[in-house]
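A.B. asks: no sequence on this one, just coordinates:
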């Protein structure tokens, strides 16, 4: 008889969790990068890691922190995670992950957690493994230095507000968001083109493992849009990522953002799947 159960993983189960996370390096880059740095201790990780076991073997995971993220989740595991999430109540600001299990998870949680502020049901997942032959990277896009936080922060806030629909400065006054931006700057994973003291283009490598990394926060100042800066800027960030971080570079984008999707394709990113986000 096969027995199934859902429980919080203990710190000593890190190896088992990483093996499962690394089985899908692109899909799981965000959570894998956090676990590699913080382990499974909830205080350091910023949330719990739930495991779904079949016959005593770990088959699926779900990260429960600021985001609820199903990982390698089978339909049976999603049902187990949904039941646990209903019992604990909503503590996250979003549900995000591969489209199919995320959609199932939301269908099960919506009666008790809904309504959502916004549901983005199809966000193409795109990857690139080499530089484009016909695009010259913007030579003015560079790493942001630690003493440039005051320069990069307004662009980061503008990007987040435009993308998510709420300001990251709400609630705690932006302390957590500023800490995250500072973390990426300190790690050398924040990039921008700056003219006259203002950010014209920016992007970050938000998640990084040895096998895959994920670009996030791509933004062009409104007055500079339509000039092709996103193409040459992304080519520059892609070059940094491939040279210094990982052999596979990924991102996911809203399906309704046609200009961004076209820019990414121009740089050589190809769609390989889809994510889904539920925003509260």
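C.D. replies: Yep, it's here. Just so it is clear, the model here is predicted, and its values are computed rather than measured.
A.B. asks: Tell me where the chain has strands.
C.D. replies: Per DSSP state E, the chain carries strands over the ranges 4-8, 48-54, 57-64, 67-71, 94-98, 118-128, 142-143, 190-195, 198-208, 213-220, 249-252, 270-279.
A.B. asks: among these, which gets the worst mean confidence?
C.D. replies: Among the strands of the chain, strand 4-8 carries the lowest mean pLDDT, at a mean of 91.
A.B. asks: pLDDT weak spots in the stretch 1-150 of the chain?
C.D. replies: Within the stretch 1-150 of the chain, the stretches with pLDDT under 70 are 1-2.
A.B. asks: rewinding a little: with mean neighbour count as extra columns, can I get the strands of the chain in a markdown table?
C.D. replies: Yep, even glycine has a C-beta here, placed from its N, CA and C like the rest. Listed next are the strands of the chain as a markdown table, based on neighbours: other CB atoms under 10 Å:
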| stretch | mean neighbour count |
| --- | --- |
| strand 4-8 | 14 |
| strand 48-54 | 22 |
| strand 57-64 | 20 |
| strand 67-71 | 26 |
| strand 94-98 | 22 |
| strand 118-128 | 18 |
| strand 142-143 | 14 |
| strand 190-195 | 22 |
| strand 198-208 | 23 |
| strand 213-220 | 22 |
| strand 249-252 | 26 |
| strand 270-279 | 18 |
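A.B. asks: any chance of the ones you listed in CSV, plus distance to residue 161?
C.D. replies: Formatted as CSV, these follow (distance: least, CB to CB, whole Å):
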stretch, distance to residue 161
strand 4-8, 34
strand 48-54, 29
strand 57-64, 25
strand 67-71, 18
strand 94-98, 15
strand 118-128, 14
strand 142-143, 24
strand 190-195, 17
strand 198-208, 14
strand 213-220, 10
strand 249-252, 19
strand 270-279, 13
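A.B. asks: how about the ones you listed, which one is nearest residue 258?
C.D. replies: strand 118-128 (11.1 Å; CB to CB).
A.B. asks: which other helices and strands contact the closest one?
C.D. replies: helix 99-113, strand 249-252, helix 258-267, strand 270-279 (3 or more CB pairs under 8 Å, 6 or more residues apart in numbering; DSSP states H and E).
A.B. asks: would you list these in a markdown table and tack on distance to residue 215?
C.D. replies: Formatted as a markdown table, the helices and strands packed on strand 118-128 follow (distance: least, CB to CB, whole Å):
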| stretch | distance to residue 215 |
| --- | --- |
| helix 99-113 | 19 |
| strand 249-252 | 4 |
| helix 258-267 | 9 |
| strand 270-279 | 14 |
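A.B. asks: Of all these, which one is nearest residue 165?
C.D. replies: Relative to residue 165, the nearest member of the helices and strands packed on strand 118-128 by CB to CB is strand 270-279, separated by 7.1 Å.
A.B. asks: chain center to the closest one: distance?
C.D. replies: 10 Å (CA atoms, centre = their mean, to the nearest Å).
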